[in-house]
Each structure stands twice: as C-alpha cells, then as structure tokens.
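**Q** Following is a predicted model, sequence given first.
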Amino acid sequence: MTLEGFVNLDVIVQRAADRHRKLLVADMDSTMITVECIDELADYVGLKAEVSAVTEAAMRGELDFGEALAARVALLEGLPLAKAEECLRERVKLMPGSVELVTAFRAAGGYAVLVSGGFTLFAEPVGQQVGFDRVVANTLLHENGALTGRTAQPIVDSATKKTVLLDELTKRGLPASASLAIGDGANDIAMIEAAGLGVAYHAKPRTEAAADARVHWGDLNVVRYAWGLAI
C-alpha cells in the first residue's frame, strides 16, 4: 500500500460553544521558541550534550523537574552574563506562528500568559516580542557580571503553571472551559489537564497522552486556525 498523495494534517476537534476561549497560558521553550534555552547556555561552557540529555529526560517526566533544574543551572556557575545575553540575541528564535497566534488571540479580547520553567532573561523579551500580557519564569541569579549557578526561590514548576492558569481564571471570573494551555513537556501536563482545551505541541509522549489535542505536523498557526482566528 502506498501513501503517495496523502498529506500530514493536524485536526483539533472541539465544541463550537467553547471554541473562542478567553485565556491562553503557554509554555516557552520548544513551544513559543524553537530551542531549550538552558541547553543553549550550556553550550557556552562546553556541556550542551550533557545538559541536553538531562533536559530531555526531565521533559519526558523521567526526572524530578526541580532537581534537574538545579543540577543543570549549577553547571552554569561563572558564565558571564554577557554570554547569556549573547545567547538570547543569537540563538533564541520565535516559533513560527507564535506572534500571529498571540496577536489574534488578544485582538479577539483574550488574555495571554507566558509561563516558563526557563528564565526571565529570555522569557521577558520573548514575551514582549510575541505580545503576551504577562510573563512568569525563573530568575537566574548573578553577581559581579556572572551567573552564580542558582535560581531565585521558589522556582516555577509544574504546580506553578497550573496555579497561574487557575488564578487567572478566578481573577477574570471565567470557567475552565474558557481557557487553553499549550506546551510540550511533562512539566506542562498539570496546566494542560486543568485547561478547557489542553494542546500538546510537538510534545513528549506523556504530555500528548494528557492533552485534549495534539499538534504533530504544523506550527502554532494550527492552534490559531482551530479557533477560527485571523490577524
């Protein structure tokens, strides 16, 4: 049997009454941007392969997120802050469709939150560039122009992401059905399950299993089209 002539399509099925949601909560690394920032930072200290392996395991849900984060950040101790800023300029690229998705969502009256287990050094400029209303992320500590190998406490983890979604719903008097969460890793599962529509974006198997919808082939415009939103 040949598959010649077939095309790969993403299909998102949802109730018409819930289609136009009012709250978007999105992950950053490998979702709104094309890279994992901590892996790119590790490249500057010659440890990208080692750190990437830990990141992959953590995103599959095989390691405790907090412990994995602390271990990886510790390896960055002494990295000049200027190198981290260089990483932002040279390596962090927006995911195709990210700006279009958030712009259309907000234009339709929605509120968009970027919530990341990554770092404010990247999340704040990315959030501004994409157009998010609010950004929540971890803070990399630094002294005398270099990273200390630690993050501010408490960290942004899976529980934080879910809490952000639920708090924003409460603040706006919205039901869970009015929300959408999108992410790729195991630390996104809690918010994906709590949202009215949870979308796994080119995600790890456990995240896909927890989601209501999956984007395998296309970019973030798939989600925008699913809502019937246009710029």
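**A** That came in fine, so what should we check first?
**Q** Contacts only, for Ala190.
**A** Taking CB atoms under 8 Å, 6 or more residues apart in numbering, we find Ala190 in contact with 158-159, 161-162. C-betas here are computed from N, CA, C, even on glycine.
**Q** Kindly recompute the last result at 6 Å.
**A** Counting by CB atoms under 6 Å, 6 or more residues apart in numbering, Ala190 touches 158, 162.
**Q** okay, it: pLDDT?
**A** On the pLDDT scale, Ala190 is placed at 98.
**Q** where's it, which helix or strand?
**A** helix 189-194 (DSSP states H and E).
**Q** what's the answer for Gly117, then?
**A** Using DSSP H and E, Gly117 falls in strand 111-119.
**Q** and the spatially most central residue of the chain, what does it touch?
**A** The centroid of the chain falls nearest to Asp27 when counting by CA atoms, centre = their mean (1.6 Å). Shown in contact with Asp27 (CB under 6 Å, 6+ apart): 183, 188.
**Q** what do you get if the cut-off is 8 Å, keeping everything else the same?
**A** Residues near Asp27 by CB under 8 Å, 6+ apart: 115-117, 161, 182-185, 188, 201.
**Q** Check the secondary structure at the closest residue to Tyr44 other than its chain neighbours for me.
**A** Spatially, and ignoring its direct neighbours in sequence, Tyr44 is nearest to Lys83 (4.9 Å; CB to CB, 6 or more residues apart in numbering). What DSSP: H, G, I helix; E, B strand; the rest coil gives for Lys83 is helix.
**Q** what do you get for the one 4 residues further on?
**A** Put simply, Cys87 is helix when judged by three-state DSSP.
**Q** give me the element the closest residue to it other than its chain neighbours is part of.
**A** Spatial nearest neighbour of Cys87, chain neighbours left out: Glu40 (5.2 Å); criterion: CB to CB, 6+ apart. Secondary structure assignment for Glu40, by DSSP H and E: helix 37-43.
**Q** hmm, who's touching that helix?
**A** By CB under 8 Å, 6+ apart, the residues outside helix 37-43 that reach it are 28-29, 48, 50-52, 55, 69, 72-73, 75-76, 79, 83-84, 87, 91-92, 118-119, 122.
**Q** helix or strand right after that helix?
**A** helix 48-59.
**Q** which helices and strands sit right next to that next one?
**A** Under the contact criterion of 3 or more CB pairs under 8 Å, 6 or more residues apart in numbering; DSSP states H and E, helix 48-59 touches helix 37-43, helix 65-74.
**Q** Export only the CA atoms of the last one, formatted as PDB.
**A** Presented in PDB, the C-alpha positions along helix 65-74 are these (Å, rounded to 0.1, in the frame of the first residue of the first chain):
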ATOM      1  CA  PHE A  65      11.900  18.900  37.400                       C
ATOM      2  CA  GLY A  66      13.200  20.900  40.400                       C
ATOM      3  CA  GLU A  67      16.200  18.700  41.000                       C
ATOM      4  CA  ALA A  68      17.000  18.500  37.300                       C
ATOM      5  CA  LEU A  69      16.800  22.300  37.000                       C
ATOM      6  CA  ALA A  70      19.100  22.900  40.000                       C
ATOM      7  CA  ALA A  71      21.700  20.400  38.700                       C
ATOM      8  CA  ARG A  72      21.700  22.000  35.200                       C
ATOM      9  CA  VAL A  73      21.800  25.600  36.500                       C
ATOM     10  CA  ALA A  74      24.700  24.700  38.800                       C
END
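**Q** Thanks a lot, see you next time.
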